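Build me a model:
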Amino acid sequence: MKNKKSKSKKIASTQKYLFLSNIRDDVLVFKNQGLRAVLMVSAVNFALKGEDEQQSIVQGYISLINSLDFPIQISMQSRKLDIDNYVQRLDERAKAIDNELLKIQLDSYKKFIVELLTIGEIMSKKFYLIVPYEPGSKRRSGSQKKTFLNRFSEVFSPGNVLTMNKKTFDEYKSELERRVAVVETGLQSMGLGVLRLDTQSLIELFYNSYNPVTSEFERMKDINDLQLEMD
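Sure, this is the predicted structure:
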């Protein structure tokens, strides 16, 4: 009994220091009613671009930054390259091949790729751009802005959860979507690929971020297969 109680207390204590309250409709909902959308952005090898292309990318980035009336956050995540799905596709393709010689070559290629990743510890990098919306951000005057001490105290006690009804959520989400559209247009004008993370992808992102070791061996189930308690 004591062990169970200590475990439950530990979980509650951990959750207390998370700003995240919920994930719904492809949006992160914070405990202070703030919303976040996460965009996964493709990378470009800037050094291999021609001078004109480099200048175009720089100008596009400047135009994007100047067009924003809200902050954005850029995050990069490095993880060991996962080729499980790729290897699975190779196995499926091998089953459909009748030529034994091609099967042997495909099997040798698969073993080479797996061994290369095992020895080389090849990493993959993913880039994310976070678009925020804070309630009252437009109305907040200079005297109402949070001081450094206010923000510092929030970091160590973000446990207070403000409730939000559907109407309020839809209003905030509408403004967030407007901001997302502005950012997406700016990124695409630079020749970058943009993918908005849906609810399933957001949950997987947090699961993989907080469980980097476990996530290598235990895959998350699809959210449609999970039984969730909805408020």
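
Arg83: how many residues sit nearby?
Check again: residue 83 is Ile, not Arg. 17 (other C-beta atoms under 10 Å). The way it works is simple: take the backbone N, C-alpha and C, and place the C-beta from them, glycine included.

Return the helix or strand in the chain with minimum mean pLDDT.
The weakest-scoring helix or strand in the chain, judged by mean pLDDT, DSSP states H and E, is helix 148-156 (a mean of 47).

which residues sit against the longest helix along the chain?
For the chain, the longest helix by residue count, based on DSSP state H, is helix 166-189. Contact with helix 166-189 is made by 24-25, 27, 29, 33, 35-37, 39, 41, 60, 63-64, 67-68, 70, 72, 129, 131-133, 135, 164, 194, 196, as judged by C-beta atoms under 8 Å, 6 or more residues apart in numbering.

if you look at these, which of them are in strands?
Of the positions in these, 24, 27, 29, 35-37, 39, 41, 129, 131-133, 194, 196 sit in strands, assigned by DSSP state E.

buried subset of these?
Val27, Val29, Leu35, Arg36, Ala37, Leu39, Val41, Leu129, Val131, Pro132, Tyr133, Val194 (16 or more other C-beta atoms under 10 Å).

Dump those residues into JSON lines; add pLDDT as well.
Listed next are these as JSON lines, based on pLDDT from 0 to 100:
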{"residue": "Val27", "pLDDT": "95"}
{"residue": "Val29", "pLDDT": "92"}
{"residue": "Leu35", "pLDDT": "95"}
{"residue": "Arg36", "pLDDT": "96"}
{"residue": "Ala37", "pLDDT": "97"}
{"residue": "Leu39", "pLDDT": "97"}
{"residue": "Val41", "pLDDT": "95"}
{"residue": "Leu129", "pLDDT": "96"}
{"residue": "Val131", "pLDDT": "97"}
{"residue": "Pro132", "pLDDT": "96"}
{"residue": "Tyr133", "pLDDT": "95"}
{"residue": "Val194", "pLDDT": "95"}
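
is it true that Phe19 touches Gln33?
No. Counting by C-beta atoms under 8 Å, Phe19 stays clear of Gln33, with 11.2 Å between them.

more crowded one of those two?
Neighbour count, other C-beta under 10 Å: between Phe19 and Gln33, Gln33 has more, with 18 against 15.

so what's that one scoring on pLDDT?
pLDDT for Gln33: 88.

cool, the one 10 residues further on as well?
With respect to pLDDT, Ala43 has a value of 88.
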